[in-house]
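J.: quick one: sequence and predicted model below, then my questions.
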Amino acid sequence: MSHSGQPTPLESRASSALRGTVRVPGDKSISHRALILGALAVGETRISGLLEGEDVLNTAKAMQALGAKVERTRTGIWSVHGVGVGGFAAPDNPLDFGNSGTGCRLAMGAVAGCPIAATFDGDASLRSRPMRRILDPLELMGAKVSSSADGGRLPMTLQGARDPLPVVYRTPVASAQIKSAVLLAGLSAPGVTTVIEQEASRDHTELMMAHFGATIVSENEGPHGRKISLTGQPELHGANVVVPADPSSAAFPIVAALIVPGSDVVLTDVMTNPLRTGLFTTLREMGASIEESDVRGDTGEPMARFRVCGSRLRGVTVPPERAPSMIDEYLVLAVAAAYAEGVTTMRGLQELRVKESDRLEATADMLRVNGVKVEIVGDDMIVEGKGHVAGSGLVATHMDHRIAMSALVMGLAADSPVKIDDTTFIATSFPDFIPMMRELGADFS
């Protein structure tokens with residue numbers, strides 16, 4: 001979906017203690033993958049707890065355009081009747097992924113293994129994002145780019161491989177999107193497709209492929225890496241998928257509860273996959289009161305109930321090897337660091353430069369305009385926490401939902417209000433963020 005119309009600004013003010021029990025939206029990563037693998041399976045896939053944000057809805061529309069039957073039976077409950085591995089049909093129109101890099105890049109992998117051509121497009125933000133590192137391995141597997149904008153960007157037409165080739169591919173960076181695109185294309189290739197990561201990225205694709213019936217093996221590779229081997233040309237079978245609450249979305253009310261004195265907030269069904277919990281580890285090192293209970297697992301993904309209370313935080317050093325497990329959470333971690341006492345150093349954040357915006361610079365700007373001292377040295381961000389934030393700044397969101405939500409959280413304990421220039425893009429991942437936070441006691445106006 002391409003956004004147009006007038007921006008919708010919002011101001012966040014210091015609030016009284018946040019209290020209540022909430023369930024944040026279903027995990028976006030799981031939602032995208034459930035739709036795509038359901039579309040590549042034979043039979044019906046029933047998905048409960050699907051995130052009904054714009055990013056995921058655009059993936060659902062794309063799967064329908066590629067030939068799958070996708071329908072919403074009631075809120076959060078979706079049915080997908082798939083076409084089988086390699087069975088996508090050429091879409092009549094361009095596939096518009098709006099703001100979603102994940103949906104677009106994973107769908108590229110799925111299309112690359114099919115003998116069809118499809119045009120991929122998105123909004124202005126997605127059109128500015130690099131696609132070459134996804135395309136490099138897909139071209140090794142036999143796919144071809146027949147047209148693209150300058151620099152290998154969207155809009156782009158991808159011709160899938162008639163006879164996909166299995167590959168052994170070493171990812172240049174820790175990226176679940178690169179790995180997943182290769183594995184999705186590898187479903188259509190004979191033999192074994194192997195992805196080797198120096199630093200392990202989130203493993204949702206591997207877990208869900210196994211849930212749908214693929215033979216896939218993941219093993220350690222070096223001190224921090226993984227080697228994933230997929231046997232191609234399986235018959236995937238429709239499956240039931242329960243989508244846990246998104247830890248990346250949970251990060252916002254969690255940090256809000258930590259920085260607003262006296263808060264006591266409970267979040268239910270939060271995913272606790274160890275490759276997604278770097279933020280929780282870091283916050284606990286900073287002194288955060290975060291208790292877990294009711295731990296269980298569905299469709300290979302563990303989840304738990306979190307109780308979070310207002311806490312006095314202290315600065316820490318976050319090691320670079322933790323980045324893959326919390327890459328989307330550094331923005332709101334920077335807010336926590338601003339309210340901590342002492343210096344927080346976050347190392348190895350190069351991936352933040354190629355997200356919806358240059359999140360490294362945008363995060364630093366968000367802090368500076370509100371009186372927080374922050375420095376970027378190479379790919380490291382250093383925040384000098386003073387235990388409070390002056391506020392009074394106007395934050396440029398750069399069409400980035402996580403910048404918008406992080407800035408609104410920052411305002412909830414600031415000395416003066418914090419204003420953002422546009423709330424529009426929050427809907428891409430967390431449509432009910434503003435009403436949910438107000439329900440907990442947040443002062444937004």
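T.: Ah, there it is. Numbers count the residues shown, from 1 in each chain.

J.: within the sheet, what are the partner strands of the lowest-mean-pLDDT helix or strand in the chain, with directions?
T.: Ranked by mean pLDDT, DSSP states H and E, the weakest helix or strand in the chain is strand 289-298, scoring a mean of 90. Neighbouring strands of strand 289-298 in its sheet, by DSSP bridges, are strand 301-309 (antiparallel).

J.: what's the first helix or strand after the partner strand?
T.: Downstream of strand 301-309, the first helix or strand assigned by DSSP states H and E is strand 317-318.

J.: could I get the average pLDDT for that following strand?
T.: Mean pLDDT, computed over strand 317-318, is 98.

J.: for stretch 382-396, same thing?
T.: Computed over stretch 382-396, the average pLDDT equals 98.

J.: buried ones in that stretch, by neighbour count?
T.: Using 16 or more other CB atoms under 10 Å as the test for burial, stretch 382-396 gives 382-385, 389, 391, 393, 395-396. (C-beta placed from N, C-alpha, C; glycine too.)

J.: just the closest of these to residue 363, please.
T.: Nearest to residue 363, judged by CB to CB, of the buried residues of stretch 382-396 is residue 383 at 9.1 Å.

J.: touching, that closest one and residue 337? I think so.
T.: Yes. Here residue 383 reaches residue 337: they are 4.0 Å apart, a contact under CB atoms under 8 Å.

J.: give me the common contacts of those two.
T.: Contact with both residue 383 and residue 337 is made by residues 315, 344, 346, according to CB atoms under 8 Å, 6 or more residues apart in numbering.

J.: give the contact list for the second one.
T.: Applying CB under 8 Å, 6+ apart to residue 344 gives the contacts 286, 315-318, 333-334, 336-337, 382-383, 385.

J.: what about the residue lying closest to residue 13 once chain neighbours are set aside, neighbour count?
T.: Spatially, and ignoring its direct neighbours in sequence, residue 13 is nearest to residue 443 (4.2 Å; CB to CB, 6 or more residues apart in numbering). By the criterion of other CB atoms under 10 Å, residue 443 has 15 neighbours.

J.: please report phi then psi for residue 443.
T.: phi -100, psi 90 (degrees, to the nearest 10).

J.: contacts only, for it.
T.: By CB under 8 Å, 6+ apart, residue 443 lies in contact with 12-15, 412.

J.: make it 10 Å
T.: 11-16, 411-412, 417, 437 (CB atoms under 10 Å, 6 or more residues apart in numbering).

J.: buried among those? Make that a PyMOL selection.
T.: A single PyMOL command selects the buried members of these (16+ other CB under 10 Å):
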select buried, resi 12+13+14+15+411+412+417+437
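
J.: and the contacts of residue 443, which two are the farthest apart?
T.: Across those, the longest distance by CB to CB is 16.6 Å; it joins 11 and 16.

J.: where does residue 102 land in three-state SS?
T.: Put simply, residue 102 is helix when judged by DSSP: H, G, I helix; E, B strand; the rest coil.

J.: closest one of the contacts of residue 443 to residue 84?
T.: Nearest to residue 84, judged by CB to CB, of those is residue 437 at 42.5 Å.

J.: circling back to that earlier point, list just the nearest of the shared contacts of residue 383 and residue 337 to residue 219.
T.: Scanning the shared contacts of residue 383 and residue 337 for proximity to residue 219, where the rule is CB to CB, the winner is residue 346, at 29.5 Å.

J.: what residues of stretch 352-364 count as buried?
T.: Neighbour counts over stretch 352-364 (16+ other CB under 10 Å) mark 352, 354-357, 359-360, 362-364 as buried.

J.: chain center to it, what's the gap?
T.: Stretch 352-364 has its C-alpha centroid displaced from the chain centroid by 14 Å (CA atoms, centre = their mean, to the nearest Å).
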